[in-house]
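1. what's the 3D shape of this:
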Amino acid sequence: MTGSAALGRRSMAGNLVAQACAVGGVFVASLLVARLSGPEVLGEYALLRVMPWLTGVVVSCGLPLASAYFLAGGRRDDPRLRPTLTLLAGAGSAAGALLWLAAVPLLGGWFPTVPRWQLALLAVTVVTQLLTVWGKACCQGRTDMRGANLVIVAEELLFLPAYGVALGSGLRGSDAVVAGLLGGGVAATLTSPGRLAGTGFGRGWGRPSAPLAAEVLRYGARGQLGNVLLLVNLRLDFLVVGAISGPAVLGVYAVASKFAELMRLPAVAMHYVLYPRFARDGPRAAGEEVRRLLPRALALTVALVPPLVGASVLLLPLLYGEAFRGAVVPACILLVGLAVEGAAAVSTAYLFGVGRPGLNSLGMGAGVAVTVVLDLLLIPRFGAVGAAVASSAAYLVTTVVLVALTRVVVLRGPTDADPDTRARRRRHALRIRSVLFRGPARPGRLRRRRARGPGGADRPAGLASGPPRGGDHPA
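-> Take a look at the predicted model:
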């Protein structure tokens, strides 16, 4: 099954299972690191999973996001598209690694137990994480959900055997974590492009196109701004807690945050499938779908709050130990803000799918403003609990703005949201301007005809006189 027909409930269920397996892998990994190395190393592990990835996707101007959109949309059959995306992935990986190496002297404050030479070596993870995420996005755009799910599981679970090998070789603490990240990252990268190669991604290539690359980067930059702002909403509190309260408090808060983000699993599955589906169906059908799906998605995530609150009270101290009992209250507060995550996921998928990633970035920006202000006000005084309150408020504000923007786009109709229609209107407007406002360097047809009249350039013939006999136009 191909196309939009393949992007239904079965795909959502499969992606939900893959996301659950990936979260389970992260849970087991964080549990092992916490038990074996303590909260401080766990806090460093949480940051090292995020910061190399963020470096790669920012430097590549949101290439993974744009790749999924273009491979699902109207340009998917262009033979120049896939080689162009591949070259951009290689260039973004190299640039991201160089940027990480340049920033190593500034990273020591966040990683007190990681030697500088190991931080420099982690530039490899910038490359592996970008290529893994890019390959996963290409599978998503080509409706290869089985391949995308495979990469989702591999990029999280493969840390565990690599970490186990590091422990078995005698490494401990942050040394074992760094080794696990390097080994697991390389293995995941081999899985991701390997899936693309096995499904014909390299067949029928044309020549890369610079204009197409610029178009991809423009879309990616507009969309990636929203993704970076989403990450700021999700992880700015990590950085502030780590800088103000120290790695130990950060380790406790990381446990609370990861548990609360179980709420995001069904929302992420919906977004992951609906984004390419909306891009393939077009704005009109997508608008009808989003009206139907928004209330259902919201009801689903709201219904998950009570059982997850109960589970946090019972399971967090039992699994992580008494040192992490302080994670229970922040987890419950975060669950309140994430209760509306279903509506945010459907709205984001719609805005991306109809070519309006800038509006999604606007919604994320509203949440970031709340995050920054409340983090700086609450974390110094209340620590992990203040960070949870700030993030929960930011999630609620972000969702309200995203839903409002989605309603505006849907009500304006498909022609207003369709980027192809807007492009045609711009070209038509440029043609009109070129006719109405011709400059002296491009004389119009009327001026040239008058210049050929019998009176010469100073005394042109009248417009109605026609070609004269015996003049420049012999009979």
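
2. Buried residues in the helix or strand Leu294 falls within, which are they?
-> Element membership of Leu294 [criterion: DSSP states H and E] is helix 283-303. Neighbour-count burial for helix 283-303, counted by 16 or more other C-beta atoms under 10 Å, picks out Pro283, Ala286, Gly287, Glu289, Val290, Leu293, Leu294, Ala297, Leu298, Thr301. Quick note: C-beta positions are derived from backbone N, CA and C, even for glycine.

3. Rebuild the residues you listed as TSV, extending it with pLDDT.
-> Shown next, in TSV, are the buried residues of helix 283-303 (pLDDT from 0 to 100):
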residue	pLDDT
Pro283	81
Ala286	82
Gly287	83
Glu289	85
Val290	86
Leu293	88
Leu294	89
Ala297	89
Leu298	91
Thr301	89
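
4. And the contacts of the helix holding Leu294?
-> The contact list for helix 283-303 (C-beta atoms under 8 Å, 6 or more residues apart in numbering) reads 263, 266-267, 270, 274, 277-278, 281, 338-343, 345-347, 350, 353-354, 403, 406, 409-410, 413-415, 417-418.

5. Let's see which of those residues end up in helices.
-> The helices, defined by DSSP state H, take in 266-267, 270, 274, 277-278, 281, 338, 341-343, 345-347, 350, 353, 403, 406, 409-410, 414-415, 417 from these.

6. Only the buried members of those: can you turn that into a PyMOL selection?
-> The PyMOL selection below is limited to those of those classed as buried (16+ other C-beta under 10 Å):
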select buried, resi 266+267+270+274+277+278+281+338+341+342+343+345+346+347+350+353+403+406+409+410+414+417
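
7. And the pLDDT at Arg80?
-> For Arg80, the model assigns a pLDDT of 90.

8. So it is in contact with Ala210, correct?
-> No. Checked against C-beta atoms under 8 Å, the pair Arg80 and Ala210 is beyond contact range at 9.9 Å.

9. Compare these two (neighbour count), which wins?
-> Per other C-beta atoms under 10 Å, whichever of Arg80 and Ala210 has more neighbours is Arg80, with 17 against 10.

10. List the residues that contact that one.
-> Gly206, Arg207, Pro208, Ser209, Leu212.

11. ditto for Leu131
-> Ala89, Ser93, Thr189, Ser192, Pro193.

12. got it, and Leu71?
-> Counting by C-beta under 8 Å, 6+ apart, Leu71 touches Leu81, Arg82, Leu85, Cys138, Gly141, Arg142, Pro276.

13. Can you add neighbour count and distance to Gly173 and give those residues back as JSON lines?
-> Formatted as JSON lines, the contacts of Leu71 follow (neighbours: other C-beta atoms under 10 Å; distance: C-beta to C-beta, whole Å):
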{"residue": "Leu81", "neighbour count": "23", "distance to Gly173": "45"}
{"residue": "Arg82", "neighbour count": "24", "distance to Gly173": "43"}
{"residue": "Leu85", "neighbour count": "24", "distance to Gly173": "39"}
{"residue": "Cys138", "neighbour count": "29", "distance to Gly173": "36"}
{"residue": "Gly141", "neighbour count": "26", "distance to Gly173": "40"}
{"residue": "Arg142", "neighbour count": "22", "distance to Gly173": "41"}
{"residue": "Pro276", "neighbour count": "30", "distance to Gly173": "42"}
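
14. Return the member of these nearest to Asn15.
-> Distances from Asn15 to these, taken as C-beta to C-beta, are shortest for Pro276 (11.5 Å).

15. Stretch 165-173 - what's its average pLDDT?
-> Taken as a whole, stretch 165-173 carries a mean pLDDT of 87.

16. Can you tell me how far Leu298 is from Leu265?
-> Distance, Leu298 to Leu265, by C-beta to C-beta, to the nearest Å: 15 Å.

17. what about the helix or strand where Ala68 lies, distance to the chain center?
-> Using DSSP H and E, Ala68 maps to helix 63-72. Averaging C-alpha positions (C-alpha atoms, centre = their mean, to the nearest Å) puts helix 63-72 10 Å from its chain's average.

18. what about dumping the CA coordinates of that helix to PDB?
-> C-alpha atoms of helix 63-72 as PDB (Å, rounded to 0.1, in the frame of the first residue of the first chain):
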ATOM      1  CA  LEU A  63      16.900  19.300   6.700                       C
ATOM      2  CA  PRO A  64      15.100  16.300   8.200                       C
ATOM      3  CA  LEU A  65      11.800  18.200   8.500                       C
ATOM      4  CA  ALA A  66      12.100  19.500   4.900                       C
ATOM      5  CA  SER A  67      13.100  16.100   3.500                       C
ATOM      6  CA  ALA A  68       9.900  14.500   4.800                       C
ATOM      7  CA  TYR A  69       7.800  17.400   3.300                       C
ATOM      8  CA  PHE A  70       9.300  17.400  -0.200                       C
ATOM      9  CA  LEU A  71       9.400  13.600  -0.400                       C
ATOM     10  CA  ALA A  72       5.700  13.400   0.400                       C
END
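
19. Can you name the element that comes right after it?
-> Next in sequence after helix 63-72, counting helices and strands by DSSP H and E, comes helix 81-103.

20. In that next one, which residues are buried?
-> For helix 81-103, burial by neighbour count (16+ other C-beta under 10 Å) applies to 81-86, 88-89, 92-93, 95-97, 100.

21. Could you work out the most separated pair of the contacts of Leu131?
-> Distance extremes for those: the farthest pair is Ser93 and Ser192 at 12.3 Å, using C-beta to C-beta.

22. one step back: between the buried residues of helix 283-303, which is nearest Val232?
-> Nearest to Val232, judged by C-beta to C-beta, of these is Thr301 at 21.3 Å.
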